[in-house]
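Asker: Can you look at this prediction? I've put the sequence above it.
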Amino acid sequence: MSYNLKENLLREERLAGGHRMCAGCGSPIAVRTVLRQVEPGDHAIVCNATGCLEVSTSVYPYTSWKGSWIHNAFENAGATLSGVETAYRALKKRGKLDDTYKFIAFGGDGGTYDIGFQSLSGAMERGHDLVYVCYDNEAYMNTGIQRSSSTPHFADTTTTPAGKVIPGKLQQKKNLTKIMVAHNVPYVAQTTFIGNFKDISEKAHKAIYTPGAAFLNVMAPCPRGWRYPTEKLMEVTKAAVETCVWPLYEVIDGKYILSYKPKNKLPVEEYLKMQGRFAHMFKPGNEWMIEEVQKEVDRNWEELLQLCGE
Amino acid sequence: MGIRERLSGNEATAYAMKQINPDVMGAFPITPSTEIPQYFAAYVDNGEVDTEFIAVESEHSAMSTCIGAEAAGCRAISATSSCGLCYMTEMLYVAASDRLPITLAVSTRALSGPININNDHSDAMGVRDTGWIQLHAETNQEMYDNYLQAMRIGEAVGLPIMVCQDGFITSHAIENIELVEDDKVKAFVGEYKPVINIMDKDHPVSVGPYAVPTYYMEAKRQQAQAMIDAKDVIRKVGKEFGEMTGRSYGLVEEYMMDDAEVAIVIMGSSAGTAKEAIQELRAEGHKVGLIKIRAFRPFPKEEIIAGLSKVKAFAVMDKADSFSALCGPIYADTCAALYTAPTRPLGINYIYGLGGRDVRVDSIKHVFAEVEKVAATGEVGETYRYLDVRE
């Protein structure tokens, strides 16, 4: 069935409104969009790494989660959900369960690229039938915008402040999506919020309904950390895609497939200038920083095109 | 009548697991508990159990998978030692506060550093405040028996339970053992009826939510109450187990305490060595006895008061130090239990057997000689002492 936004939005919401996430935050949008792809009638068990999403949706005695949800700690959503998924198989085998359950983890980049990396790698390698969704906002936002291995080159964070001697983060962003591909799992995809949400929705559906372990990396901007006006969220993600800073692609059984190729690849400035975290790069004398980022983006993009056979 | 066998402590533990046939095991190898998941994996791969076994990539993930599985309404188990238990520590707190009665077999071992694979109780003592029930075994038989009782205890109060044996000394030494028949084990352990279950489609639940100061302390108070309630459950289950097997258990075991004038408090395999020392000393006319702690958490306050109030002086044997410049952990709790008791004997503390340092009959006899000196003179001297160490 072809994708239809209207039909999609009529589906049951599994994350209730009234949670305490910021306006203009990408994380709850990622969650709602992914969970809408769980077929009506199927149950979804959500596992949440510690982070903004977890603290803002589970303030006892309230919960924003309509289905069952489990939070364990910061670094172990992969392992915790492995346990839940294994329990499901154990109970099914013993005839104690009939219904179909889907298992979806949500973690920020801190809980995924960094502290939860081992636990995630273990879950992927063991091939549990689950989906790990990283809502990648490129820093430790819950604790106040500290750098992670996902933070892009030169970004100004509270632990990589753009100072007089050191101009923000000195390292490039880690390519976690490719590392997940290296786990030989059946489905890996990189996506964000674009247009009518066709890309993320279709990828989420594939991830959820592909048997085995799947990984979805969703660029989910943070207005506090990235410093953009809340209403500009969709413009930021669009610029990330049009500049090829965040290419959209999927890898099915090891085969790379490009989801979108901009007709007119925009210069990285178009993306960087929208965000306060890169403001120092536009100061006179700092042109070299933008040039360097452009080179990095170009190299990564060319590599991806080759992998995709483009 | 049970089945007579010869098994190591690790194998006896794995055999108990097999008889129980739990739903999920998540485990990671670490000396000296490695054999437990090894034996169990063989049961799984040979179809002798239908447990789902997850060979995880760390102890942290082992406990994380157990938390996920137990929250999903399953009986989840693991086994570990030493640094592995340390690495799980963060998750041990979560398991206890989520009130998930996971069962963890521990073959106790020293902690790094220096790195050392031999036995002491530093690992178990290091996690004593995580909210887990802790049973400790003197022998392979006790390890097996404790394991069969563990789920009944943990599930009754909604707390996770650690079943500990001394690494190598108990875990690897082969002893005669009497096993319980499979059908009797199944009937005794029973079916797990979880209080919460995230897989219950009619009652979705959020497990592990964020608690603000308005609620956090009440959650902790309930956890504290569960541990208090565990005392009676341990006594009741131990008695019931005795009715089935002839081997009854309480929170402690008293040995030669009826007319004892001095005593030691001890836990784990060294209790066996101490019993030998007591027999020899008794033959020479010394009125000595011991209290062996079986349940370290909950701490057996009533039993300690009842037992020690009969003696003039005692020594607490700690196979772990807490580096407080004061005493080891069991001595601290023993003294806290006694402080408001009507009769308070004099007590000294020995740190002993660290990193596998051999504990001989003569070592224990030396301790009794020192305790008798305290009883005779009324002077305790230095209470914080190390046994069999080169100064």
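Answerer: Perfect, thanks for sending it.

Asker: Distance-wise, check whatever residue of the stretch 51-200 of chain A ends up closest to chain B relative to residue B:207.
Answerer: Here the stretch 51-200 of chain A gets closest to chain B at one residue, residue A:83, 2.6 Å apart by Cβ to the nearest Cβ. All C-beta atoms are positioned from the backbone trio N, CA, C, and that covers glycine. According to Cβ to Cβ, to the nearest Å, residue A:83 stands 12 Å off from residue B:207.

Asker: Between these two, which is the more surrounded one?
Answerer: Set residue A:83 next to residue B:207 and count neighbours by other Cβ atoms under 10 Å in any protein chain shown: residue A:83 wins out with 34 against 27.

Asker: before we move on, what SS does that one have?
Answerer: Of the three states, residue A:83 takes helix under DSSP: H, G, I helix; E, B strand; the rest coil.

Asker: so residue B:349 is in which element?
Answerer: strand B:346-351 (DSSP states H and E).

Asker: next structured bit after that strand?
Answerer: Taking DSSP H and E, what comes next after strand B:346-351 is helix B:361-377.

Asker: what is the orientation angle of that following helix with strand B:346-351?
Answerer: For helix B:361-377 against strand B:346-351, the angle by axes from the mean of the first three to the mean of the last three Cα atoms, to 10 degrees is 160 degrees.

Asker: going on from helix B:361-377, what's the next piece of helix or strand?
Answerer: Proceeding N to C from helix B:361-377, the next assigned helix or strand is strand B:384-386, under DSSP H and E.

Asker: in its sheet, what does that following strand sit against?
Answerer: strand B:346-351 (parallel) (DSSP bridges).

Asker: where does the stretch 101-250 of chain A dip in pLDDT?
Answerer: Within the stretch 101-250 of chain A, not a single segment meets pLDDT under 70.

Asker: cool, and chain B?
Answerer: B:1.

Asker: Give me the common contacts of residue A:83 and residue B:207.
Answerer: Counting by Cβ atoms under 8 Å, 6 or more residues apart in numbering or on different chains, the shared contacts of residue A:83 and residue B:207 are residue B:71.

Asker: mind listing what's buried in stretch A:248-255?
Answerer: For stretch A:248-255, the neighbour count (16 or more other Cβ atoms under 10 Å in any protein chain shown) marks A:248, A:249, A:250, A:251 as buried.

Asker: show me the contacts for residue 241.
Answerer: Let's take chain A. A:192, A:194, A:247, A:248, A:260, A:262.

Asker: Oops, wrong one, chain B.
Answerer: B:145, B:148, B:149, B:188, B:247, B:248, B:249.

Asker: If you count contacts, what does the strand or helix carrying residue B:61 end up packed against?
Answerer: Secondary-structure element containing residue B:61, defined by DSSP H and E: helix B:59-71. Helices and strands touching helix B:59-71, by 3 or more Cβ pairs under 8 Å, 6 or more residues apart in numbering or on different chains; DSSP states H and E, are helix A:77-93, helix A:117-126, strand B:24-27, strand B:76-80, helix B:82-97.

Asker: what sits up against the second one?
Answerer: Spelled out, it's helix A:117-126. A:75-79, A:81-82, A:107, A:112, A:130, A:132, A:179-180, A:183, A:185, A:213, A:215, B:54-58, B:60-61, B:64.

Asker: I'd assumed residue B:164 was in contact with residue B:132.
Answerer: No - with contact defined as Cβ atoms under 8 Å, residue B:132 does not count as touching residue B:164 (10.3 Å).

Asker: Just want to know which of those two has more residues nearby.
Answerer: residue B:164 (25 against 22).

Asker: how about that one, secondary structure?
Answerer: strand.

Asker: How about the contacts made by it?
Answerer: Residue B:164 neighbours (Cβ under 8 Å, 6+ apart): B:105, B:106, B:107, B:108, B:121, B:124, B:134, B:135, B:136, B:137, B:268.

Asker: Point out the ones among those residues that are inside strands.
Answerer: B:105, B:106, B:107, B:108, B:134, B:135, B:136 (DSSP state E).

Asker: Residue B:166 is in contact with the fourth one, correct?
Answerer: Yep, that's residue B:108 we're talking about. Yes - using Cβ under 8 Å, residue B:108 is in contact with residue B:166, at 5.6 Å.

Asker: Which neighbours do these two have in common?
Answerer: B:119, B:268.

Asker: quick one, phi/psi of residue 131?
Answerer: Picked chain A for this. phi -120, psi 130 (degrees, to the nearest 10).

Asker: try again with chain B
Answerer: phi 90, psi 10.

Asker: buried sites along stretch A:278-297?
Answerer: A:278, A:280, A:281, A:289, A:290, A:293, A:294, A:296, A:297.

Asker: how far is it from where the chain is centred?
Answerer: 25 Å (Cα atoms, centre = their mean, to the nearest Å).

Asker: now do stretch A:118-130
Answerer: 17 Å.

Asker: how about stretch A:61-69, does it reach chain B?
Answerer: Yes - counting by Cβ under 8 Å from any Cβ of the partner chain, chain B has neighbours in stretch A:61-69: A:61, A:63, A:65, A:66, A:67, A:68, A:69.

Asker: Go ahead and name everything in contact with that stretch.
Answerer: Counting by Cβ under 8 Å, 6+ apart, A:12-19, A:43-48, A:57-58, B:198-200, B:204-207, B:209, B:215 sit against stretch A:61-69.
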